[in-house]
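Undergrad: sequence-free structure coming up:
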């Protein structure tokens, strides 16, 4: 893994012609969840946003390397189901829990152009991330057990601050002008590292995974 990162960084640092360099902006929708050994039996995807800047260097007609700087919202939702039998009738109630983990990420990517007609591409890479904030939203009950609202607790100090994941990206582009292109892609990301620790769901081995639906613009540098 370290060797792969060093290769990507070395290629980016090469002194290259401006015609092969691109900068841009992109953003989109995150749909994220977790894997875990803990009993989150009703996990659902958390929708969030992802937005940031990108850089790409094409060192041949087919191959490229690049890096992004992103703000990325991740997390998951869960619910607890309570069952009660009253006068022979079974009554179920569900209580929603939300877990938020927002990061600044710097994905490092290696790309291959797979289609000339649609400017199709596939990329693989690693995504180191630093935690910006983390929270858990829980229901609030009155003395009779009725839900009267919710409250969010800051758990940043308990969650592991660094995350490292791998990614695969598949996309296509469309040239708007000679030096400006529109692109769209779908990204799958899965963490290698766990964000749980002895202070946060000890022994649960919680790891992020999810999908991103992305649209952006790339500008060719002169």
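TA: All right, it came through fine. Since this is a predicted model, take the numbers as computed values, not measurements. Numbers count the residues shown, from 1 in each chain.
Undergrad: so which helix or strand takes in residue 219?
TA: If you go by DSSP states H and E, residue 219 is part of strand 207-220.
Undergrad: That strand pairs with which strands?
TA: According to DSSP bridges, strand 207-220 forms sheet pairs with strand 21-35 (antiparallel), strand 180-191 (antiparallel).
Undergrad: Which stretch among these approaches residue 168 most closely?
TA: strand 180-191 (5.1 Å; Cβ to Cβ). (Each C-beta comes from the backbone N, C-alpha and C, glycine too.)
Undergrad: mind listing what's buried in the closest one?
TA: Neighbour-count burial for strand 180-191 flags 181, 183, 185, 187, 189, 191 (criterion: 16 or more other Cβ atoms under 10 Å).
Undergrad: can you check stretch 148-155 too?
TA: Buried-residue list, stretch 148-155, by 16+ other Cβ under 10 Å: residue 155.
Undergrad: Check stretch 213-222 too.
TA: Buried, per 16+ other Cβ under 10 Å, within stretch 213-222: 214, 216, 217, 218, 220.
Undergrad: what angle separates the longest strand seen in the chain from strand 21-35?
TA: In the chain, with assignment by DSSP state E, the single longest strand is strand 63-86. Here strand 63-86 runs at an angle of 30 degrees relative to strand 21-35 (axes from the mean of the first three to the mean of the last three Cα atoms, to 10 degrees).
Undergrad: partner strands of strand 63-86, parallel or antiparallel?
TA: Short version: by DSSP bridges, strand 63-86 pairs with strand 44-58 (antiparallel), strand 89-105 (antiparallel), strand 108-115 (antiparallel).
Undergrad: can I get the ones you listed in CSV with mean neighbour count and mean pLDDT?
TA: Shown next, in CSV, are these (neighbours: other Cβ atoms under 10 Å; pLDDT from 0 to 100):
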stretch, mean neighbour count, mean pLDDT
strand 44-58, 17, 97
strand 89-105, 16, 83
strand 108-115, 17, 95
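Undergrad: export the ones you listed to TSV and tack on distance to residue 67?
TA: Rendered in TSV, the data for those read as follows (distance: least, Cβ to Cβ, whole Å):
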stretch	distance to residue 67
strand 44-58	5
strand 89-105	10
strand 108-115	5
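Undergrad: Assess the claim that residue 28 and residue 214 are in contact.
TA: Yes: with contacts counted by Cβ atoms under 8 Å, residue 28 reaches residue 214, the gap being 3.9 Å.
Undergrad: Name the residues contacting each of these two.
TA: Common neighbours of residue 28 and residue 214 (criterion: Cβ atoms under 8 Å, 6 or more residues apart in numbering): residue 50.
Undergrad: where does the protein dip in pLDDT?
TA: For the chain, applying pLDDT under 70 flags the ranges 1-19, 81-93, 222.
Undergrad: Let's see that with 90 instead.
TA: Where the chain drops to pLDDT under 90, the residues are 1-20, 37-42, 61, 79-96, 115-119, 138-151, 177-178, 222.
Undergrad: Doesn't residue 143 lie inside a helix?
TA: No: according to DSSP: H, G, I helix; E, B strand; the rest coil, residue 143 belongs to no helix; its state is coil.
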